[in-house]
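1. take this sequence and fold it.
(2 chains)
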Number of protein chains: 2
Amino acid sequence: MSSPASSAEFRPKARRPRGFMDRRGATLAQERAIVDKVLAVYQSWGFERLETSAFEYADALGKFLPDQDRPNEGVFALQDDDEQWMALRYDLTAPLARFVAENYDALPKPYRRCAAGPVWRNEKPGPGRFREFWQCDADTVGAASPAADAEMIAMAGEALEAAGVPAGKFALKYSSRRALDGVLRLAGVAADDTRTRLTVLRAIDKLDRLGADGVRALLGAGRKDESGDFTPGAGLSAAQAETVLGFFAAKDALAAMRANEAAFAATGALAELEQIAATLDRLGAAGFARLDPSIVRGLEYYTGAVFEAELLIETTDEAGRPVRFGSVGGGGRYDDLVSRFKGQPIPATGFSIGVSRLAAALAHAGAEAAFDGPIVVLPFDAEAMAECFAIARELRVRLDRPAEVYLGGSGPKAQLKYADKRGAPVAVIIGTDERAAGQATVKDLVLGASLAAKAGDDREAYAALREKVQVTVPRADLVAQVARMLAAPHAEGAR
Amino acid sequence: MSSPASSAEFRPKARRPRGFMDRRGATLAQERAIVDKVLAVYQSWGFERLETSAFEYADALGKFLPDQDRPNEGVFALQDDDEQWMALRYDLTAPLARFVAENYDALPKPYRRCAAGPVWRNEKPGPGRFREFWQCDADTVGAASPAADAEMIAMAGEALEAAGVPAGKFALKYSSRRALDGVLRLAGVAADDTRTRLTVLRAIDKLDRLGADGVRALLGAGRKDESGDFTPGAGLSAAQAETVLGFFAAKDALAAMRANEAAFAATGALAELEQIAATLDRLGAAGFARLDPSIVRGLEYYTGAVFEAELLIETTDEAGRPVRFGSVGGGGRYDDLVSRFKGQPIPATGFSIGVSRLAAALAHAGAEAAFDGPIVVLPFDAEAMAECFAIARELRVRLDRPAEVYLGGSGPKAQLKYADKRGAPVAVIIGTDERAAGQATVKDLVLGASLAAKAGDDREAYAALREKVQVTVPRADLVAQVARMLAAPHAEGAR
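-> Now for the predicted structure:
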C-alpha cells in the first residue's frame, strides 16, 4: 500500500528519460494527422496495414545496422529469460523482412504492406535528436520491376501533399545504385572492389554538404576537416575522381548516361532509370519527381533505385539564417534484406516518411494542425455540478464539439483561468443567479482575449465591446448562443 | 554490403519473438477502429491526447508493480549508458503520473488526458497471453470529487458503444474501496490493519471465480485449491467472515450501507457512492452503470471508486461451452500515484480499455470491422503496365476506393489468384486483345467466388451466370462498370 508514510520513505524524482519526448497539444495533433493522412494514401494504393511488435530477435536486426562492426550498438537490447537477445526495432523495414520471411508461403506476392509506429535508436541524445520517433512506411516485397520503384516515388509525393505540404514545395529526387556502378565502371574501378565502391558512395552522399572540393578529396587521398580529423579517401586517381565528379555535375543525367551507354547499360542503370521516368510520367508524378544522381543514400542495404523526399520550404536556423528543411523521408530498393533469411532472391522496395521531422517542417511553415480546446462548463456554485454535466452532454451531442465540466475545487476566477489554459473557445457559466433564473452565462474567450490585447488601457473601448464577450441567456437558448459564438469570424483566425 | 556471399555465411531464422504478435487484415482493422472511436469519445469529453515515450526510469514504475517485492519483475528493463535503469511502460497510468508530477505547474488543473498505445509486460507467454498489447485510457488528475469518477463510468459506457458493443450487451460495474473499509469496520477489523485489509480485498476479488465457500475459507484460516496449494487466509473469525459475506450478498448495496450508516458514513463510502449514483443519473448512464460491491479490483494503488467494464456477450470456450466474455476494461481512483512524486496530495481517477481484448470480443460476437481488399488491375500483357497504372489512378480518384496494379512477374492465372488472395472485390484485366481494341475486362470476384461455391458440378448453372461475372467493356466505360459491380447487392454480404 502506498500510504502517506511509505511515500515519505522513498520519493522518486519525476523525470522523462534522456532523449525521449512527451508530446501533446498541437504538436501531437499534427503528428497524428500526418500519420492518418499518409496511411490513408498508402492504403488507397493497395498497401495493407501490418503491425509487428516492438521487439525483434537481435540476430534478425544486427547485420543491417548502420555500423556492422558493432552489431548491437545503436539499438536497445536485452536478454530474454531464455537467454535470447531481443532488441527494439530501429526501423520498420527489418521487422517487415522478418515477417515476410516467416510467413512467405501464406502471403500474396507481391506483398504490399504499410505501417506506422515508433522506432528506437540507442544513440547519444542531443538537441533535436531523439531516441524514439515515428516512421510511416510502405513497401512492396516480391516485385523486381522498376515500375514498383516508380510507384513508391509517385505515392510518396501524393502522401506529402495529403499531409499538408503544398504542391511545388517538395521534390522527390531519385537515382539508382546502378548509376553509381556505371560511373565506377566508366572510371575504371573494378566491379568487385566493394570497399572502394562504399567509400565513393559515402563521399557522394556528402556532395550537398562538402561541395565538389571536399568530395574530390574524399575520392582521392582523403580529407582533413576543420576539427583536424582525417577521413581516409577512396584512393582514386585525379583523372578517375574527375570522371566521377563530372558525371554528378551533369545537368541531364539520362543524357550523360546515354553518352556513355556501354558503362551504364552494362550495370542496368540506363534501362532502369528510363523505365522509372516513363512510369512516373504515367503516374502524373513528373512535376515533383526528379532524377538526381547525387542521391545515393548512406544505408548499405540498398541495391537499386534510391529516393529522397526533400522539402523546398525555407525556414531559418537558430541564428536566423535561411535554411532549407531538407529530407523528410526516403527509401529505395533492397533486394537482399528478405533474401538473407530465405536464401533465395526476393526483390523489395519501399519508402519511409519521418513523421516528427515532417511535423516540425509543417509547423515551421505555419501549417499548424487545427487545435482547439473543448467548450468548458463552469459550476461557479458547487450545487450546479449536475446541471453542468447535463449541459456538457447537450453541447457534445447537439454541436458535435468537445465539451467538459470543470471538476476541480476552485472558485470562479481559477475556473475561468482553467478555461483559458485549456484553450477553450467558449465557457459556459452556471452560478447561483443563473440557476435561480433558469439562465446560463456564455463567454466568448477568443473574443475576450483579443479585446483584452487590443483595448490595452482604453477603458471605453473595452467597455463598449465587453457585452459582446459575455451574455446571459435563458437556459433554452444556451446551445444556440454557444453555436453563434463558435461561428463568429474571429473564432477562426484568433488562435 | 550484403552480397550473396556474405548472406551465405550467416542466415538468421525468421521468427517472431516469444509472446509477441504480428497483426494484419481484419484483426488489425478492428483494433485500429476501436482505438480511433474510443479516443474520439474521450476527446469529445474534453480529454487531451498525450503521448509519452515507451521508456520510463525504473524507479518511477517499480513501486507500483503488481508485486512490490520484486520491483523489476514483470517489466522489460535495461540499463542506459549512464547506468540508470529504464523499463518499458507496463501501463499508461504510471507514465501519466510521472508526466503530471514533472510538469505540474504548467498543466491546467484538473488535467484531463487520454492516451492509446502499446504496453509491455515481461510475463510468461501463454495461449492468449501476450507480452505487448494496446490500452486506451482516460484520466482526470486533480479532481477529488466523486463526480469525476461518475464521469469516467459514463464515458466508458459511451466509448464501448462507439466501439461497436451493442447497448444492453455491457455493464459498467462500480463500487469503492471505502465500501470495503466500511465492511471491515462493521466486522470490527482495526482500520490500520492494512495486511488483513489487503487479504480480504484479494479474497473478495475472487468471489466470481471461487463462490462464497471459497471466499469464506480465504477470509478465515485459508484455502487449499485443487492442486493442493494452500493460500493463507485473512484470519477473520467465522462471525466476521459472515458479516463480510453478508454485505456482498445484499441485493441493494446502498440500502445495506444505509442500514449500517455509522460504519459506511465514517469511511466516506455512503456519500461517495450516493454522489456517483446521482451523477450517473444526470449523465444518462443509469442504464448500464451498476453498483456492485464485489468489484474491488486487484491493483493495490486504488484508493476510492473502482469500476469494471463487463461484456454481457456470450461466447463459447474451446470446448464449446457458453462463457461470458467478462472484463474488457476497468479503472478507479488512485489518489496516491501522483502524490508519491510530489509529496502533496493529488487526487486522480481513470479508466482503461483493453483494446485487443475488446477486439477479440467483438470478433467473437460477429461484429467484424469491414475489411475489403483493393481493386486490382492486372497487366496480362507486360506492355500493359503503364496503361494499368493510369487505370488504377483513375479508379482511386473517381471511385474513392483503394486500387493497385499487380507488379509481380507472373502470368494471368497467378495474377487472378493474387487478386483473390488480396480479397479484391473486382479485378480489371488488360491483355493484348483489350489493348488492341481499346477495351478492358472487368471481373466480379465476389460473385465469381459465390457462383463457384453454389454451382458446384452444375455446369449449366455456372455457364448461365458466368457472363455476369466477367464482362469486356470499352475503355471509356470501365470506371462505370467497376462501380456497378461494387454496388451490386451481393458485394456487401458475400464476405
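2. use CA for all of it now, contacts and neighbours both
-> OK.
3. quick one: low-confidence parts of chain A?
-> A:1-10, A:62-73, A:367-371, A:455-457, A:490-495 (pLDDT under 70).
4. how far away is the residue positioned nearest the centre of it from residue A:316?
-> By C-alpha atoms, centre = their mean, chain A has its centre lying nearest to residue A:355, at 1.2 Å. Distance, residue A:355 to residue A:316, by C-alpha to C-alpha, to the nearest Å: 20 Å.
5. in the stretch 301-450 of chain A, what residue lies closest to chain B?
-> residue A:402 (3.8 Å; C-alpha to the nearest C-alpha).
6. now that residue: closest residue in space, sequence neighbours ignored.
-> Once flanking residues are discounted, residue A:402 sits nearest to residue B:44: 3.8 Å by C-alpha to C-alpha, 6 or more residues apart in numbering or on different chains.
7. residue contacts, that neighbour?
-> A:374, A:396, A:400-403 (C-alpha atoms under 8 Å, 6 or more residues apart in numbering or on different chains).
8. columns secondary structure, distance to residue A:279 and neighbour count on top of these, output as CSV?
-> Below are the contacts of residue B:44 laid out as CSV (DSSP: H, G, I helix; E, B strand; the rest coil; distance: C-alpha to C-alpha, whole Å; neighbours: other C-alpha atoms under 10 Å in any protein chain shown):
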residue, secondary structure, distance to residue A:279, neighbour count
A:374, coil, 47, 26
A:396, helix, 49, 20
A:400, coil, 45, 11
A:401, coil, 45, 20
A:402, coil, 46, 24
A:403, strand, 50, 28
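9. in those residues, find the pair that's most separated.
-> A:374 and A:400 (10.8 Å; C-alpha to C-alpha).
10. give me the domain ranges for chain A.
-> A:25-212+A:243-364, A:375-493 (automatic domain parsing).
11. buried deepest among those domains, which one?
-> Most buried of those, by mean neighbour count (mean count of other C-alpha atoms under 10 Å in any protein chain shown): domain A:25-212+A:243-364, with a mean of 20.
12. next, the distance between the ends of that domain.
-> 16 Å.
13. tell me which stretches of the stretch 251-400 of chain A form helices.
-> Assignment of helices within the stretch 251-400 of chain A using DSSP state H, counting those that start in this stretch yields the ranges A:253-259, A:261-266, A:269-282, A:339-342, A:355-364, A:385-399.
14. tell me if the fourth one is near chain B.
-> To tie it back to what came earlier, the one meant is helix A:339-342. Yes. With C-alpha under 8 Å from any C-alpha of the partner chain as the criterion, chain B is reached by helix A:339-342 at A:340-342.
15. before we move on, back to that, I'd like the helices of the stretch 251-400 of chain A laid out as a markdown table, including distance to residue A:91.
-> A markdown table is the format used below for the helices of the stretch 251-400 of chain A (distance: least, C-alpha to C-alpha, whole Å):
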| stretch | distance to residue A:91 |
| --- | --- |
| helix A:253-259 | 31 |
| helix A:261-266 | 32 |
| helix A:269-282 | 26 |
| helix A:339-342 | 17 |
| helix A:355-364 | 13 |
| helix A:385-399 | 40 |
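16. among the ones you listed, which is nearest residue A:33?
-> Using C-alpha to C-alpha, the helices of the stretch 251-400 of chain A put helix A:355-364 closest to residue A:33, at 9.2 Å.
17. figure out how far that closest one is from the centre of its chain.
-> Offset of helix A:355-364 from its chain centre (C-alpha atoms, centre = their mean, to the nearest Å): 7 Å.
18. right, and residue A:14 touches residue B:104 too?
-> No. Residue A:14 is not in contact with residue B:104 according to C-alpha atoms under 8 Å; the separation is 10.2 Å.
19. and the residue of the stretch 301-450 of chain A closest to chain B, what are its phi and psi?
-> phi -60, psi 140 (degrees, to the nearest 10).
20. so where's the longest helix in chain A?
-> Looking across chain A with DSSP state H, the single longest helix is helix A:25-44.
21. what's the angle between that one and helix B:385-399?
-> 130 degrees (axes from the mean of the first three to the mean of the last three C-alpha atoms, to 10 degrees).
22. chain center to helix A:25-44: distance?
-> 9 Å.
23. related to what we said a few turns ago, ok, the residue nearest to the centre of chain A touching residue A:119?
-> No. Here residue A:355 does not reach residue A:119: they are 11.1 Å apart, not a contact under C-alpha under 8 Å.
24. list the residues that contact both of these two?
-> Joint contacts of residue A:355 and residue A:119 (C-alpha under 8 Å, 6+ apart) are A:133-135.
25. and which of the residues you listed is nearest chain B?
-> Nearest member of the shared contacts of residue A:355 and residue A:119 to chain B, counting by C-alpha to the nearest C-alpha, is residue A:133, at 9.0 Å.
26. am I right that the closest one falls within a strand?
-> Yes. Under DSSP: H, G, I helix; E, B strand; the rest coil, residue A:133 sits within a strand.
27. mind listing what the closest residue to it other than its chain neighbours touches?
-> In space, and not counting its chain neighbours, residue A:133 is closest to residue A:118: 5.2 Å by C-alpha to C-alpha, 6+ apart. For residue A:118, the contacting residues are A:132-135, by C-alpha under 8 Å, 6+ apart.
28. name the element residue A:118 belongs to?
-> In the assignment (DSSP states H and E), residue A:118 maps to strand A:111-120.
29. ok, the residue in the stretch 51-200 of chain A that chain B sits nearest to - contacts?
-> Chain B sits closest to residue A:52 of the stretch 51-200 of chain A, with a gap of 4.5 Å, by C-alpha to the nearest C-alpha. By C-alpha under 8 Å, 6+ apart, the residues touching residue A:52 are A:95-96, A:99, B:21-23.
30. how about a cut-off of 6 Å?
-> Contacts for residue A:52 (C-alpha atoms under 6 Å, 6 or more residues apart in numbering or on different chains) come out as residue B:22.
31. and what of residue A:307?
-> Residues in contact with residue A:307, defined by C-alpha under 6 Å, 6+ apart, are A:173-174, A:330-332.
32. for the stretch 51-200 of chain A, what lies in contact range of chain B?
-> Neighbours of chain B within the stretch 51-200 of chain A, by C-alpha under 6 Å from any C-alpha of the partner chain: A:51-52, A:56, A:98, A:101-102, A:108, A:110, A:143.
33. now for those, which pair is the farthest apart?
-> A:56 and A:143 (25.1 Å).
34. what's the separation between residue A:15 and chain B?
-> Separation of residue A:15 from chain B (C-alpha to the nearest C-alpha, to the nearest Å): 6 Å.
35. count the neighbours of that residue for me.
-> When neighbours are defined as other C-alpha atoms under 10 Å in any protein chain shown, residue A:15 has 16 of them.
36. rebuild the residues of the stretch 51-200 of chain A next to chain B as a markdown table, extending it with secondary structure.
-> Below are those laid out as a markdown table (three-state DSSP):
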| residue | secondary structure |
| --- | --- |
| A:51 | strand |
| A:52 | coil |
| A:56 | strand |
| A:98 | helix |
| A:101 | helix |
| A:102 | helix |
| A:108 | coil |
| A:110 | coil |
| A:143 | coil |
